[in-house]
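S.K.: Starting from these lines, generate the structure:
(chains A, B, C, D and E, ligands or ions: 4)
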Amino acid sequence: MSFEITVAKRLGEIDVALEMVAGDGATVLFGPSGVGKTSVLNMVAGLLRPDRGRIVVGGEMLFGTGVDVPIERRRAGYVFQEARLFPHQCVRANLTYGAAAGVDVTTVTGFLGIDDLLDRWPRSLSGGEARRVAIGRALLSDPAFLLLDEPLSSLDRARREEVMRGIEHIRDVLTLPILMVTHDPEEAERIGTRIVTMAR
Amino acid sequence: MSFEITVAKRLGEIDVALEMVAGDGATVLFGPSGVGKTSVLNMVAGLLRPDRGRIVVGGEMLFGTGVDVPIERRRAGYVFQEARLFPHQCVRANLTYGAAAGVDVTTVTGFLGIDDLLDRWPRSLSGGEARRVAIGRALLSDPAFLLLDEPLSSLDRARREEVMRGIEHIRDVLTLPILMVTHDPEEAERIGTRIVTMAR
Amino acid sequence: MPSAEEWTVVVLSLKVGGVAMMVTLPIAFALAWLLARVRFPGRLLVEAIVYLPLVVPPVVTGWVLLLAFGPAGPIGGPLERWFGISVLFRWTGAAIAAGVMALPLMVRAMRLSIEAVDRRLENAARTLGAGPGRVFWTLTLPLSVPGILAGAVLGFARSIGEFGATITFVSNVPGETRTLPLAIYSMLQQPNGDAMALRLSAISVTLSLAALVASELLARRAGRGFHVL
Amino acid sequence: MPSAEEWTVVVLSLKVGGVAMMVTLPIAFALAWLLARVRFPGRLLVEAIVYLPLVVPPVVTGWVLLLAFGPAGPIGGPLERWFGISVLFRWTGAAIAAGVMALPLMVRAMRLSIEAVDRRLENAARTLGAGPGRVFWTLTLPLSVPGILAGAVLGFARSIGEFGATITFVSNVPGETRTLPLAIYSMLQQPNGDAMALRLSAISVTLSLAALVASELLARRAGRGFHVL
Amino acid sequence: AERKGPLVLAAASLQESMTAVADAWAKRGHPCPVVSFAASSALARQVESGGAADLFVSADEDWMDDLAKRDLIVTSTRVTFLANRLVVVAPKASRVRIPVRPPAALARVLTAGPLAMADTNSVPAGKYGKAALTALGVWAQVEAKVVGAENVRAALALVERAAAPLGIVYATDAKASPSVRIAGVFPENTHPPITYPVARLKTSTNAEAEGFRRFLISRAGKAIFARYGFNAR
Ligand SMILES: Nc1ncnc2c1ncn2[C@@H]1O[C@H](COP(=O)(O)OP(=O)(O)OP(=O)(O)O)[C@@H](O)[C@H]1O
Ligand SMILES: Nc1ncnc2c1ncn2[C@@H]1O[C@H](COP(=O)(O)OP(=O)(O)OP(=O)(O)O)[C@@H](O)[C@H]1O
Ligand SMILES: [Mg+2]
Ligand SMILES: [Mg+2]
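M.R.: Ligands and ions are numbered 1, 2, ... in the order given. Okay, here's the model as predicted:
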C-alpha cells in the first residue's frame, strides 16, 4: 500500500475529508479548486494536523492514534503550489538544502534544465525556473515519497515532457509512492496509476 | 493596432527582446520558461524599464522617445504569475482596490466562482481561489487592456472553461486588447487571435 | 492608592509621554520611510542626526535643546518673537525632550517594517491605478503596522522613562516638568526616599506595561494577514 | 587629535560598548525568539522585565544593579564568594550596565524581524528533513539579519551613550568606568567645560556613525534576497 | 485667581530642607513657591539660556559667579546664607575611626577599600574632598582608591549599601541617613568654605520672589535649614 489516508479537517467553514487507499505507483488527486487537495498534502506532510484520521504511507504510520511523526522525519518530497525557495540562499544551496553531503546536483538539474542557474539568487528566477528548482530541491532530499502540488503548471510543453519523464522514472524505477495534484487530464492520465477525485 | 511592442532589456546575463505588432483581439505570448514573457508584460505594465524600445497599446504611446507613462496611468489590468493579493485586506477590499466607487463586484465574482469568499482573508484562500480573486481585481479596475500571465493555471477544467468564456467576452464584446502568456496550446488556440512565439 | 502628589506626577507623565509619542510618531514614520526608500545624497547624515540622541549622553541632548529652544536660540528665538511661546520650564519642553530621545528608537523599528513590505504588492497596486500617495496610505502604511506599533511602544516607554535630557533642558518643576523619572530622582536624593522611589518606579512600570499589552493586542489584529502554512 | 586622556576614554568606551553588545546580542536574540514564537504563560511578564530598563530612569536601573551586584547582593554575593569576582567600580560592571540598558532596544528590533520571517519557508525546510534546530540556524536566524543588524546598531549606540545607570552602578573611575558620556558629564559640570564636552560628544558621534555605516553595508548585502518586481 | 508662587531653582542637595522652608512660607499665607531641584550646573545653564525663573540657590559659588559674570542676577540680592561641613562616613555597624593626623595613619584607614566620593573633578563635594585630602597630604596615596559618584547622594548610597567602607559627603547628608555614621570631620581650614549663595534673577517678575528670598535668609528660615544640619552664615 503506498497511501492509506483517512482524514477529516475543518478549515473555517469548510470540511475537508478524504478516504483513500492506494496501491503502488502514482496517485493523482483530482478535484475542483478549493476542495481541499493542498490541505490533504499538508496533512500528509505533517504541516496541518487532521482533526481525526489516519495516515499511512509506504507501510509507515505517519499519523494515527497516538502517533504523529514530526514533519522532518516523514521524509516527504513536497513540491508546494508556490515555489517557496529560500531567498537568502543561491540556487545551489536551495537544491542541496535537504540533500546528503556530497550529493551530485547534476542528476536532477539536467532534466530540469537548471544547470545554468546554480549560482543565481531565487529573486532573479522566472516563475517556471523557480518551480523547477523547487522540484529539484524536493527530489534531492532523499524522500521516501513525493507530494506534488501542480508541479507542471508554468512549464512549457517541452520542459513538461522532460519533467514528466523524470516523474515516471521515479515512479517506475525508484518506485517511490507519489501523490500528485493536477488539473490537467492528460497529465493525470499519463502519470496517475490511479485517479482519486475529491468533491465537496 | 492593439499592441505595438519593440523592446530590449538586459537582465543579468540574459537579453530579453521582442518585436511585435498585433491587431485587434487577443495576442498570446508563447515560449519556453525563462525566455522573458513575464519581463515583457512587466515592461508593458511599466514595472520594468526597457533599455530601449517603444510600447504602444491601443494607439496610446506608453513608452518611447521622451515618453514613459507612470504605471498607474497605463491602466493595465495585470494578472500576475503569482496572486499578489493584499494580505491585510479582505477579498472584497482586494477586488475593489482599483475599482470606481460603487462598482458591483458580482459582475465578476459570478463567473469566477468567488461569491462566497468576499469576507475572507487572502491567507485562507486556496491557490486557485487566490488566482481567481486576482483576476477579478484586475478586471474590476476598469483597465484599458489586459496583461494575463498564465491566468488559468491552477484552475480546474470547469472553472477554466468559465473563465475562458469571460476572457472571450472581454475580447469580443468589450474589445479590450489582451496580451496573455500561456503554456497550454489549447488555451492559446482558443483565446489567441494570434500567437507570438518568443525564443532565445 | 497613589497620593494626590503622585497623581499629579502620573497625569503629567502621561500627558508628556502621550503628546511626545503622538507628535513624534508621524515625524518618525516620515523619516523611516525616507531612510528606507529614498536614496538621496545626505542619507547617512540624516540617519546619523536621527541617531544622535541615542549616542550622546542625555545631558548633552538636553543641553543642546536648551541652546536651541532658549529665547536666544535658533528655534526658541523665533518661537518667542512670533508666537510668544516659550518651552523652558514648561511641560511642552518636557514633551520635546521626550520626543527627541524617543525618535531614534521609533525610526529604527518603523524602518525595519517598511523595508520588509513586499514591493511586489506595491507594484500590483500601481497597475490597479493607485498613485504613489495612495499606495503609501493603503499599502506601505498598513503593512508597516508591526513596526509602527513597536515604535510606538518603544517611544512611549522611552518618553515615560526620559530623565537626563528633561532635567537638563526644562528643569524639575513640580506640576510642569517633574515627570515620573524626575520625581524618582528627587526621591532618591533623600536618604529615606527609597520606598517612595520604588513606589513611583512601580507606577512607571505599570504604565508602560499597559502600553505594552495594548500594543500586543493591536499587533495580534494586524498579524492575521500572514501565511503560516 | 585626541589627547592621551581622551584616548583612554575612547578605548574604554569601545571596550565597554563592544563587549556589552557582543554579550547581549545572543541573549537578546534568544529572548526575541522566545517572545515572537513561543506562547507561554509568563510571556507578558518576561516582556515587561525586558522593557524595564527602558521605562524606569537609568538611575534606578543603576541602583537596582548596585543592589544586585553589590557584595551583599543576590548576584554579587555569590560571585564574590565563589569566584572572587567583583564588578563594582570595574569596566565589567560598566559593560553590564550598558548591556542591560541596550537589551530592550535589541530585543524589540530582532523580534520584529523574527515575526516577519515567512513561516511557509520554515515549513518547507522541515519537509526537507531539517529539525527545529537546523531550521533556526539556516532560516530563522539568517532571515532575521535585518533585525539583528538594527538591534546591534541600536545596542551599540545605546551602550556608547549609556550614562545614568553606569555612574550610579559603578561610579566614575578614570580608566575603569569613565566612558565617554561620563567624561562628557564631568566636563559639563564645570563652568568652562563646554568646549571639551562638545569635543568628546563629537568623538562619540563619530564612533556610532562608524557602526551605522558598517551595519548599512552589511544590511545591503543581506537585502539582496528580496523580490522587488 | 490664585496667586502663583515664585519659581525657585535650587541645588538638589537642598531637596528636603528647601521643601520644608517653602512649606513654612506657605503656612504664613503666601502662595507656595515652586521649587525645581537639579544639579547646580544644570540650573545655571538653564538660566544662561534665558530660562525665566525667580530665585537661584546654588550649591557652590562658582556657578553663581558664572551667572553674575553674565549679568543674570541682581547683584545686590546675592547672599551666602548657608554653610556645610565635609565628613567621612562609614556604615552604621562599622567601628572605624578616622585619625586626622599623622598623614600615614589617615592614608592607611582611607585606603582600606574603595573610597566613595562625588566626582573629584566636577562635582563640588568631590572637589572639596580632593582639596581637603590634598591639604592633609594624603591625596597621592588615596587617589587610586577613589570612586567618583554622580553626586553626593550617590556616594552616600555606596556607603549605605556597603559597596564602599568609607565615603566623603556633606554633614547634612550624613545626618539625614539612618544607615551611616560620621567617622570623622574635616577641619574647616583644609578646604574652601562650603557655602550656598542665593540671588534673585534678572528675569524675575513674581512679586513674591523677594519676600521668599528674604525669608530664606531670615532667622526663621535659617533655623529650618539648621534642623537639617546646615550651618547658618
Ligand atoms: N482559515 C480558513 N478559513 C476558511 N476557509 C479556509 C481556511 N483555510 C482554508 N480554507 C478553505 O479550505 C479549502 C481547501 O483549501 P485547499 O488549499 O486545500 O484547496 P485546493 O483543493 O488545494 O484548491 P486549489 O486547487 O485552488 O489549490 C478552500 O476552499 C479554502 O478556502
Ligand atoms: N536579475 C537577474 N539576473 C539574471 N537573470 C535574470 C534576472 N532577472 C531575470 N532574469 C532572467 O531573465 C529571464 C526572463 O525571465 P521571465 O520571468 O521574463 O521569464 P518567463 O518567460 O516569464 O519565464 P516563465 O515561463 O518561467 O515564467 C529568465 O531566464 C530569468 O532567469
Ligand atoms: Mg491547492
Ligand atoms: Mg513568467
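S.K.: could you dump stretch E:19-27 to PDB, C-alpha only?
M.R.: Output of stretch E:19-27 as PDB, limited to C-alpha atoms (Å, rounded to 0.1, in the frame of the first residue of the first chain):
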ATOM      1  CA  THR E  19      10.800  71.900  50.800                       C
ATOM      2  CA  ALA E  20      10.400  72.400  54.500                       C
ATOM      3  CA  VAL E  21      11.200  76.100  54.200                       C
ATOM      4  CA  ALA E  22       8.800  76.500  51.300                       C
ATOM      5  CA  ASP E  23       6.000  74.800  53.300                       C
ATOM      6  CA  ALA E  24       6.700  77.100  56.300                       C
ATOM      7  CA  TRP E  25       6.500  80.100  54.000                       C
ATOM      8  CA  ALA E  26       3.200  78.800  52.500                       C
ATOM      9  CA  LYS E  27       1.800  78.400  56.000                       C
END
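S.K.: buried sites along that stretch?
M.R.: E:19, E:20, E:21, E:22, E:25 (16 or more other C-beta atoms under 10 Å in any protein chain shown). Where C-beta positions appear, they are placed from N, C-alpha and C, glycine not excepted.
S.K.: now it: how far from the chain's centre is it?
M.R.: From the chain centre to the centre of stretch E:19-27 is a distance of 19 Å (C-alpha atoms, centre = their mean, to the nearest Å).
S.K.: same question, stretch E:219-230
M.R.: On C-alpha atoms, centre = their mean, the centre of stretch E:219-230 falls 14 Å from that of its chain.
S.K.: One more: stretch E:213-225?
M.R.: Relative to where its chain is centred, stretch E:213-225 has its mean C-alpha point 16 Å off (C-alpha atoms, centre = their mean).
S.K.: again, but for stretch C:30-50
M.R.: For stretch C:30-50, the distance from its own C-alpha centre to the chain's C-alpha centre is 18 Å (C-alpha atoms, centre = their mean).
S.K.: Contacts (any at all) between chain D and it?
M.R.: Yes: between stretch C:30-50 and chain D, judged by C-beta under 8 Å from any C-beta of the partner chain, the touching residues are C:44, C:47, C:48.
S.K.: Out of those residues, name the ones that lie in helices.
M.R.: Applying DSSP state H to the residues of stretch C:30-50 next to chain D, the entries found in helices are C:44, C:47, C:48.
S.K.: And the residues you listed, which of them are buried?
M.R.: Among those, those scoring as buried are C:47, C:48 (criterion: 16+ other C-beta under 10 Å).
S.K.: ok, the ones in helices among the residues of stretch C:30-50 next to chain D vs residue E:61, which is closest?
M.R.: Residue E:61 lies nearest to residue C:48 out of those, by C-beta to C-beta, at 39.9 Å.
S.K.: now the closest one: how far from ligand 3?
M.R.: When C-beta to the ion, to the nearest Å is applied, the distance between residue C:48 and ligand 3 equals 49 Å.
S.K.: Nearest residue to that residue in space, ignoring adjacent ones along the chain?
M.R.: Setting aside the residues directly before and after it, residue C:48 is nearest to residue D:209 in space (C-beta to C-beta, 6 or more residues apart in numbering or on different chains), at 5.0 Å.
S.K.: Now that neighbour. Its backbone dihedrals?
M.R.: The main-chain torsion angles of residue D:209 are listed as degrees, to the nearest 10 and equal phi -60, psi -40.
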